[in-house]
Structure formats: C-alpha cells, structure tokens
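Visitor: From the sequence below, what's the structure:
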Amino acid sequence: MAATDLRGRDFITLMEFDREEVETILDTAHDLKRKWIRGEPHRLLEDKTLFMLFYNRSLRTRNSFEAGMTQLGGHAHFLEPDAVYTPALPGEEKAYSTERISDVARVLAEMGHGIAIRIYGKHTGWRYGKGNLLIREFARWSRIPIINMEDDMYHPCQALADVMVMQEKLGDLRGKKFVMSWAYSGSVEKPLAVPQSAIIGASFFGMDITLAHPKGLDLDPKVLEFTKKNVTKNGGAFKIVHDMDEAFKDAVAVYPKAWTAQPTDGKTPMDPDKAKALFEANRHWITTKEKMELTNDAIYLHCLPADRGMEVTDEVMDGPNSVIIEQAANRLHAQKGLMALIL
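Guide: The predicted structure follows:
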C-alpha cells in the first residue's frame, strides 16, 4: 500500500487526486472488504459523525454510506431537503426557506467530522456545473472534509466501486479494453456524472478506454482533456467512437449507460425536447446478447438503476457476465476505504 496521508482531504472529483492516492483508497477498500467478509471488527471511525445532505433520492448511495459509517463505528445523519433550510449561495437566499451555505457548512463542521452532498438535475435547474459549484462552496467554508455523493459533473464514489469490481474480475487492468458507452433510455434526465467519472477512474490504471456515444451526446471537454493526459501519464489509451458495435469489439469490460444531451457551458440549461429527439433517434443503442458476443467475453457493468428493455435486456443484465450486484456492493467497501482515510 502506498504511504499516503489523506486525512482532512475533500473528495469532490478524482481529477484532484494522483494515482498513488487513488491506489491507496482502493487498497484500503479491498482490505476492509476482506475484514468485513471475515467478520473482523474495523471500528476505525468510532464516535465520528457524517452529515449527508440528499437533494436526490438514492438506494445504493444512502445505504452504503450509512452502513459503512456504522461498520466503521461511527454514525451517518440523513438530511433530506425538507428537513433543513435549503443551503443557498450569496444572493440566492429566500426569507425563511433558505440558509447561506457558509453558515450551514460552518455549523455542521462544529458538530461532526464530515459532510456528504448529493445534488444534480432539477435541483440545479439543469444548469451544468451548478451542483458542483454548491458542493465547492461547502468545501470553501467547512473545516471538515466534504464528500461528493454525486453532482452534475462527477460521481467519484461510484468510480471507485467501478474500478474495484474490475480489479476483482480482471486482475491487472493495464492494457484491458474498457468501454464506456451511451445507451438509450425513456428518460432524458440522466446527468453526465457517471460516464465522466468512469473514464476518469479508468485512466489511472493503464486501461485501453473507448468512449462511445451518438453525435450530440458529448461529455465535458475538460473531462476528456484530463482523461487523455492521464492515460498518457499512467499508460493505456483513449479514443471516442460513434458506433456501439465498433466500440464493443474485443472489450473485456462494458459499461453502457444513458446520459443526457447537456450543454457544458454552465449557463445554458438542458433542452428536454432536443434531448428527447436525440434519444429517440438512437433507440438501437441497447445492450443485447448479440452485442455482448462482439466482446472478448466482457463483464457487464452498470451503476444502477438500469432501464431494463431500453438500456439493456434482461438476458444481459441477469446473465453470467453481469457484475452489477458486486459493483453495487463495492460502493460500501470503496466508501469505507475513503472515509477511513479522510475522516
């Protein structure tokens, strides 16, 4: 394990960490998972408190953080928007319904040891980057670590679990072909956070990364530039294609998931009509048994929930190459590794 001290660090995007630091988090996660399987106590955060602000509903994120803090000996407070005044930026306050983030962050920092936040989509007016901006405002004012539980740009906790399951199933990831692909959905309300964090995460480990999507569903240029530079630094390769079949050929890991047509200028909100038209024109972007046969016996990943019959068929999702349950389970272990180090 790398000798890296991460105490007190915010965790907003993996782009703010180096390879040694990411490896340290994952090494710790694997170690704590082995302890959990063996039933060995690992109360590394005894009597510590994590505040969790959820603006978006969640199954895996909420329960993995709550269970993780309990298993580490601490406690997680679940705070939904109706339970607290809505944290606001300066100039965005409304009488008796909001509270400035600087005040919320500083008060919570006096009562606990970490603040985790999940905010994207309709809660930000579908303006790309607004959720990330709110989280960074918390980080600016808080003297305890801030954890991004998913915003409109990044989902770094999911990325840790993604890499972790690939390490378990594929071993050394160097040179292994990983495909992050768009997939059709009946809903256009899908943020860019998961695909962006997935390629960022893979770029630390020497993987041969292929990003596949129809034209018009581009990811953030800053994320693409980082990924290109990181694969150059850490080995591997990165390319973008606009054909799902081409992308799947010879892959050993595929991750097909919908994301919306989202302007990334931070000013222009998503146009749902334009996104809907683009989605409907690409209904054939679905993961089927036939598409999986193009791969090199690839494992199938998805962050869940998946839109069955749209993003993927039941035959694939419940098939022998699907690792979605192990991937979801690793949310618990990856986040425990993270929290044990930064809290």
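Visitor: When you work out contacts or count neighbours from here on, use the C-alpha atoms and nothing else.
Guide: Will do.
Visitor: and residue 239, what does it touch?
Guide: Residues in contact with residue 239 (C-alpha atoms under 8 Å, 6 or more residues apart in numbering) are 209-211.
Visitor: Any idea how many residues pack against residue 39?
Guide: 9 (other C-alpha atoms under 10 Å).
Visitor: wait, isn't residue 287 in contact with residue 314?
Guide: No. Contact criterion C-alpha atoms under 8 Å: residue 287 and residue 314 do not qualify, at 9.6 Å.
Visitor: Neighbour count for these two, which is higher?
Guide: residue 287 (30 against 15).
Visitor: Looking at the contacts of residue 239, state which has the most neighbours.
Guide: When neighbours are counted by other C-alpha under 10 Å, residue 209 leads those with 28 neighbours.
Visitor: Now do the SS call for that one.
Guide: Put simply, residue 209 is strand when judged by DSSP: H, G, I helix; E, B strand; the rest coil.
Visitor: dump the residue contacts of it.
Guide: Residue 209 makes contacts with 177-180, 199, 202-203, 236-239, as judged by C-alpha under 8 Å, 6+ apart.
Visitor: now, the most widely separated pair of those residues?
Guide: The largest separation in the contacts of residue 209, counting by C-alpha to C-alpha, is between 180 and 236 at 14.8 Å.
Visitor: Have a look at those two and say which one is more surrounded.
Guide: Applying other C-alpha under 10 Å to residue 180 and residue 236 shows that residue 180 carries more neighbours, namely 26 against 22.
Visitor: Make sure I have this right: that one is in a strand.
Guide: Yes. With three-state DSSP as the criterion, residue 180 is assigned to a strand.
Visitor: For it, give its distance to residue 79.
Guide: Counting by C-alpha to C-alpha, to the nearest Å, the gap from residue 180 to residue 79 is 32 Å.
Visitor: what does residue 161 give?
Guide: Here the criterion is C-alpha to C-alpha. By it, residue 161 lies 24 Å from residue 79.
Visitor: try residue 266
Guide: Distance check for residue 266 against residue 79: by C-alpha to C-alpha, it reads 27 Å.
Visitor: any idea how this protein splits into domains?
Guide: As assigned by automatic domain parsing, the chain contains the domains 14-153+330-342, 158-328.
Visitor: For residue 7, which of those is the nearest?
Guide: With C-alpha to C-alpha as the measure, domain 14-153+330-342 is the member of those nearest residue 7 (4.1 Å).
Visitor: gap between the closest one and the chain center?
Guide: Taking the mean of its C-alpha atoms, domain 14-153+330-342 sits 12 Å from the chain's own mean (C-alpha atoms, centre = their mean, to the nearest Å).
Visitor: Okay, now it: how far is its last residue from its first?
Guide: Counting by C-alpha to C-alpha, you get 14 Å between the two ends of domain 14-153+330-342.
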